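J.: what's the 3D shape of this:
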Amino acid sequence: MAFINNTKRILSGFLAALALFAPSVLAATDVEGVRLWRAPDHTRLVFDLSAPAEHTLFTLENPERVVIDVRNARFKSSFASLDLSETPIKDIRHSPRDGTDLRVVLDLSTAVNPNSFFLQRQAGAADRLVVDLKDLRPTPKGPPPVSVPEPSESRRDVIVAVDAGHGGEDPGALGPNGLREKDVVFSIAKILVDKINAEPGYTAKLVRTGDYYVALRERRNIARKMQADLFMSIHADAFTKPSAKGASVFALSRSGATSEMARFLAQRENESDLIGGVGSVSLEDKDEVLAGVLVDLSMTATLGASLQVGDYVLKSMGRVAHLHKHQVEQAGFAVLKSPDVPSILVETGFISNPTEAKNLGSRRYREKLADQLVAGVRQYFNQYPPAGTYLAWKKYGGGEAGQITEYTIARGDTLSDIAKRFNISVSQLQQFNDLDNHMIRVGQVLRIPPTT
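T.: All right, here's what the predicted structure looks like:
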């Protein structure tokens, strides 16, 4: 009898504990907010969740629809404020399903390629369900293609890809009075592109053309598709102490950051994919092809050019901005890991510093800063114009048919570099200058044979 009574007490205690915890176990996940972003090639719909939730997604035809079922969820938001113009979404509906689940239906004007994924809480952002609707056909909102002249023209523009950091779901660092990094750097990037395009022999393009997020790897890929001669990523980061100040220029490091601040900023920027929303993220970036290139001499040459152009840009920027350090720093920024495009990341200042935030919030200051960035780019390419460009044609002979040009060897020059710059072979260069081998010296003057 005592055994039975003890069993009843234990069972009663277990049931009481289960009743106590059941509400939390069975509590529904609330959809607390819904946001929408339009990019050139896709539409992103983001559901802010009170907790993680499982979901499924499928499509229906005639008419075209995307259906999202979220398990054990309730809709506590509204679609009324969403601007569906210029998106394939005509209407959004929601209703309970199977008693506890939530169904959301996207009525579409055209078929899309949908993708969805869950993002855990990160850097102040809530748990999120992200739905991307990839366009099946190009839209007028997409960026215009970059025209690249045929090599025979030998007067193509130098192409500069300007990347405004963050965007869309990822606001970047936050400053006083609601100042957001993504807005500041996009404004600077647009000004910079306009000023570069006003320079003879240059074409500049924005990597992201509006307020939407682009994955770090894709930013590099866009620059490569442009066949860019330079990739510039513009940022305005924050630090834990508001006293931190100063503009910086960074190049990639393959062996560790040059300072604790560089390491801190690189880590923050590399986490952007977790905040901005990428379904599958590898911050280590172990792409086999890229990993092979990183140890190749071609990557060494790209890094050398990145450090050179970064030095020109940093010194020029120092005319209007306080510099955090007076040399180009290096760290493992994922966005800079292009194997064949010289790439720099420009920190225009600390948005967490009240004085620098005030400057960055000023249109006049952004204009002055952009002027100096252009000046640094111009100084570099005037000194090292890529082969086949208008700048190279102007610097080396002015394009006069049959004209012999003289070139004074600078530190770091090689015969192969010089030959490539003038669109001739190394053997031609050797024969024209009676050179028996590849040995050259700084200050030596080479005669460049005319090209047809």
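J.: Tell me which stretches of the stretch 101-250 of the chain form strands.
T.: Remark: strands assigned in the stretch 101-250 of the chain by DSSP state E, counting those that start in this stretch are 101-108, 112-119, 127-135, 158-164, 202-206, 230-235, 248-252.
J.: what's the third one packed up against?
T.: Strand 127-135 is packed against strand 42-49, strand 65-70, strand 101-108, strand 112-119, with contacts defined by 3 or more Cβ pairs under 8 Å, 6 or more residues apart in numbering; DSSP states H and E. The way it works is simple: take the backbone N, C-alpha and C, and place the C-beta from them, glycine included.
J.: Output the contacting helices and strands for the first one.
T.: The elements that strand 42-49 packs onto, with contact taken as 3+ Cβ pairs under 8 Å, 6+ apart, are strand 29-38, strand 127-135.
J.: what distance separates the helix or strand that it is followed by from the centre of its chain?
T.: Tracing the chain C-terminally past strand 42-49 and defining elements by DSSP states H and E, one meets strand 55-60 next. Distance of strand 55-60 from the chain centroid (Cα atoms, centre = their mean, to the nearest Å) equals 30 Å.
J.: buried set for strand 55-60?
T.: Neighbour-count burial for strand 55-60, counted by 16 or more other Cβ atoms under 10 Å, picks out 55, 57.
J.: now swap in stretch 332-343 and tell me
T.: 332-339, 341-343.
J.: any idea which of these is closest to residue 412?
T.: residue 342 (14.1 Å; Cβ to Cβ).
J.: which residues touch the closest one?
T.: Counting by Cβ atoms under 8 Å, 6 or more residues apart in numbering, residue 342 touches 229-231, 302, 305-306, 309.
J.: same check, this time on residue 204
T.: Residue 204 neighbours (Cβ under 8 Å, 6+ apart): 159-162, 192-193, 196-197.
J.: what's the distance between residue 301 and residue 366?
T.: In this view, residue 301 and residue 366 are 33 Å apart by Cβ to Cβ, to the nearest Å.
J.: which one of the two has more residues nearby?
T.: Remark: of residue 301 and residue 366, residue 366 carries more neighbours, 21 against 14, as counted by other Cβ atoms under 10 Å.
J.: pretty sure the more buried one is in a helix, no?
T.: Yes: applying DSSP: H, G, I helix; E, B strand; the rest coil, one finds residue 366 inside a helix.
J.: ok, and the closest non-adjacent residue to it?
T.: Leaving out its chain neighbours, the residue that sits closest to residue 366 by Cβ to Cβ, 6 or more residues apart in numbering is residue 188, at 5.0 Å.
J.: And for residue 228?
T.: If the residues on either side of it in the chain are set aside, residue 228 comes closest to residue 161, at 4.0 Å by Cβ to Cβ, 6+ apart.
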